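**Q** Pasted the sequence and its predicted model underneath.
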Amino acid sequence: MGKYFGTDGFRGEANQSLTFDHAIKIGRFLGWYYGANQGKKAKVVIGKDTRRSSYLFEYALCTGLMASGADAYIMHVTTTPSVAYITRVDDFDCGIMISASHNPFYDNGIKLLNGQGEKMDEETILKVEDYIDGKLEIPIAQRAEIGRTVDYVAGRNRYIGHLISMSKYSFKDVKVGLDVANGAAWQIAKAVFDALGAKTYVMNDAPDGYNINTDCGSTHIEHLQKFVVDNQLDVGFAYDGDADRCLCVDEKGGVVTGDHILYVYGLYMKERGKLLNNTVVTTVMSNFGLYKALDKAGIGYEKTKVGDKYVYENMVQNGHRIGGEQSGHIIFSKYETTGDGILTSLKMMEVLLAKKKPMSELAAPVVFYPQVLKNVRVKSKPDAQNDPDVQAAVKKVADALGDEGRILVRESGTEPVIRVMVEAGSDAVCEKYVDEVVAVIRAKGHMA
């Protein structure tokens with residue numbers, strides 16, 4: 001990770017740690033780097049979520065791009081995976097998504113994608129940061145070289161068509177609930193499910209610039225659980241602010257996490273001979289219950305660091321077809337370069353219809369170990385993580401758990417937070433050991 005960009009872009013409170021000036025400079029550098037630096041005019045596509053500040057950053061990025069001679073194609077409110085898809089298929093030099101994903105409305109972020117729709121490489125990101133810090137000088141466009149903006153809502157419509165084409169089945173008469181989190185999926189998801197014939201029930205689809213992720217979406221799945229049961233729906237899907245993640249709710253109101261999704265679709269692929277390398281890619285945050293279910297099904301797995309970036313890198317390097325995170329970032333590498341919440345829901349619908357079984361039955365083999373995760377806001381993530389007393393406390397817990405559980409302490413890639421997670425035989429045991437480690441972090445003065 002660099003000075004400004006973490007595992008999921010440059011993220012922070014709008015006009016505090018992430019400012020319009022940062023956005024202008026990012027646009028300036030990218031417009032020059034992919035354009036004048038290579039002797040041509042750059043084409044860059046931009047999408048945004050529904051945050052109030054997304055408009056500010058959109059215009060700032062466009063200003064910087066045009067000042068460096070690039071043309072900025074604006075997709076308006078759309079999802080992160082749609083920007084990744086359009087960047088790749090419409091031959092853009094790079095793509096930019098303005099979103100802070102599942103964070104509150106007052107935060108925002110700038111995610112950079114290369115011409116293949118993948119997260120931008122570290123080398124280029126570091127050059128962007130050098131320009132932000134004034135370590136590089138680049139020319140400004142003059143006369144005919146000055147760029148322009150292009151309305152590119154057609155790109156969003158093309159992405160909707162792409163999603164519709166992904167389904168092998170009609171959803172006719174299937175009652176589906178969608179929680180679009182007052183975010184980027186608010187127009188796209190319903191259009192796709194309606195086109196495929198579903199009886200679509202939508203909630204949290206009235207974004208006002210402030211209510212994105214507020215008590216809704218995949219981070220507040222309890223509302224969709226009630227919605228599915230109250231309306232007697234067959235299944236429900238919840239997205240986050242930029243719709244790159246998806247969680248499901250079965251017909252009984254039970255939560256189907258990203259781990260369940262990896263199992264359900266991984267098994268479906270194996271049964272059809274489509275699971276290349278017989279391997280599912282997970283992160284270290286996946287539950288023991290997933291691995292036990294995969295073992296029983298005869299499916300192998302790999303574990304990466306937390307972050308869909310690392311999952312995707314592993315999949316590309318090893319030729320794996322499905323991977324993801326418990327939080328609902330699921331990557332189908334045959335079709336996309338990033339997690340795609342709406343595509344994930346379509347794939348789960350495919351299994352539901354192909355097997356003619358309810359979602360609760362499909363997900364049942366994954367029985368979770370109790371897990372407690374606490375986020376500890378700290379002054380310095382490295383200082384807290386590397387403190388000898390904190391490390392000793394973590395080792396003590398690991399030794400006590402033995403083969404009956406595990407502890408994981410890691411730094412957030414997007415927030416000033418240390419995440420302390422324990423899996424064990426009961427919630428009480430998990431709480432006890434998490435609290436022991438958090439108490440040491442507090443006692444050593446690391447908490448912000």
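**A** Yes, it's here. Numbering: from 1, shown residues only.
**Q** For the most centrally placed residue in the chain, which residues are in contact?
**A** Residue closest to the mean C-alpha point of the chain, counted by Cα atoms, centre = their mean, is D244 at 4.3 Å. The contact partners of D244, taken as Cβ atoms under 8 Å, 6 or more residues apart in numbering, are T79, T80, P81, S101, D308, H329, T338, G339, D340, G341. From N, CA and C alone the C-beta is placed, and that goes for glycine too.
**Q** mind redoing it with 10 Å?
**A** By Cβ atoms under 10 Å, 6 or more residues apart in numbering, D244 lies in contact with 8, 79-84, 97, 99, 101-102, 111, 184-185, 308, 328-331, 336, 338-344.
**Q** what about the residue nearest to K252 when sequence neighbours are not counted, distance to M75?
**A** Among residues not flanking K252 along the chain, S360 sits closest, at 5.1 Å (Cβ to Cβ, 6 or more residues apart in numbering). In this view, S360 and M75 are 37 Å apart by Cβ to Cβ, to the nearest Å.
**Q** repeat for G425
**A** 48 Å.
**Q** what's the answer for T279, then?
**A** When T279 is compared with M75 (using Cβ to Cβ), they lie 34 Å apart.
**Q** Between those two, which is the more surrounded one?
**A** M75 (26 against 22; other Cβ atoms under 10 Å).
**Q** Give me the below-cutoff pLDDT ranges for the stretch 1-150 of the chain.
**A** For the stretch 1-150 of the chain, the stretches flagged by pLDDT under 70 are 1.
**Q** 80 - rerun?
**A** 1-2 (pLDDT under 80).
**Q** The stretch 201-350 of the chain too?
**A** For the stretch 201-350 of the chain (pLDDT under 80), the answer is none.
**Q** where along it do the strands fall?
**A** 235-239, 246-249, 255-256, 279-283, 300-304, 322-324, 330-332 (DSSP state E, counting those that start in this stretch).
**Q** other SSEs contacting the fourth one?
**A** When contacts are defined as 3 or more Cβ pairs under 10 Å, 6 or more residues apart in numbering; DSSP states H and E, strand 279-283 sits against helix 258-271, helix 288-297, strand 300-304, helix 308-318, strand 322-324.
**Q** among the ones you listed, which is nearest Q38?
**A** helix 308-318 (24.5 Å; Cβ to Cβ).
**Q** how about the closest one: buried residues?
**A** Applying a neighbour-count criterion of 16 or more other Cβ atoms under 10 Å, the buried positions in helix 308-318 are D308, K309, Y310, V311, Y312, E313, N314, M315.
**Q** partner strands of the helix or strand encompassing V422, parallel or antiparallel?
**A** Under the criterion DSSP states H and E, the helix or strand holding V422 is strand 417-423. Partner strands for strand 417-423, per DSSP bridges, with pairing direction: strand 371-377 (antiparallel), strand 406-411 (antiparallel).
**Q** Packed most tightly, which of those would that be?
**A** Mean neighbour count (mean count of other Cβ atoms under 10 Å) peaks for strand 406-411 among the strands paired with strand 417-423, with a mean of 19.
**Q** what is the orientation angle of that one with helix 288-297?
**A** Relative orientation of strand 406-411 and helix 288-297, computed by axes from the mean of the first three to the mean of the last three Cα atoms, to 10 degrees: 120 degrees.
**Q** Please state the offset of strand 406-411 from the chain centre?
**A** With Cα atoms, centre = their mean, to the nearest Å as the basis, strand 406-411 stands 20 Å off its chain's centre.
**Q** C-alpha coordinates for that strand, CSV please?
**A** Extracted in CSV, the C-alpha atoms of strand 406-411 (Å, rounded to 0.1, in the frame of the first residue of the first chain):
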residue,chain,number,x,y,z
ARG,A,406,-8.1,-19.6,15.7
ILE,A,407,-7.3,-15.9,16.2
LEU,A,408,-6.5,-13.4,13.4
VAL,A,409,-5.3,-9.9,14.1
ARG,A,410,-4.8,-7.7,11.0
GLU,A,411,-4.8,-4.1,9.8
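**Q** What is the burial count for G319?
**A** 10.
**Q** just checking, what packs against the helix or strand harbouring D383?
**A** Applying DSSP H and E as the criterion places D383 in helix 381-386. The contact analysis (3+ Cβ pairs under 10 Å, 6+ apart) places helix 381-386 against helix 388-401, strand 406-411, strand 417-423, helix 427-443.
**Q** and of the ones you listed, who's closest to R156?
**A** Closest to R156 of the helices and strands packed on helix 381-386, according to Cβ to Cβ: strand 417-423, at 33.0 Å.
**Q** could I get the strands paired with strand 417-423 as JSON lines with mean pLDDT?
**A** As requested, those are exported to JSON lines (pLDDT from 0 to 100):
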{"stretch": "strand 371-377", "mean pLDDT": "94"}
{"stretch": "strand 406-411", "mean pLDDT": "90"}
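**Q** Turn those strands into TSV, columns for distance to V235.
**A** Below are those laid out as TSV (distance: least, Cβ to Cβ, whole Å):
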stretch	distance to V235
strand 371-377	24
strand 406-411	31
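**Q** between those strands, which one is nearest to V390?
**A** When the strands paired with strand 417-423 are compared (using Cβ to Cβ), the closest one is strand 406-411, at 7.6 Å.
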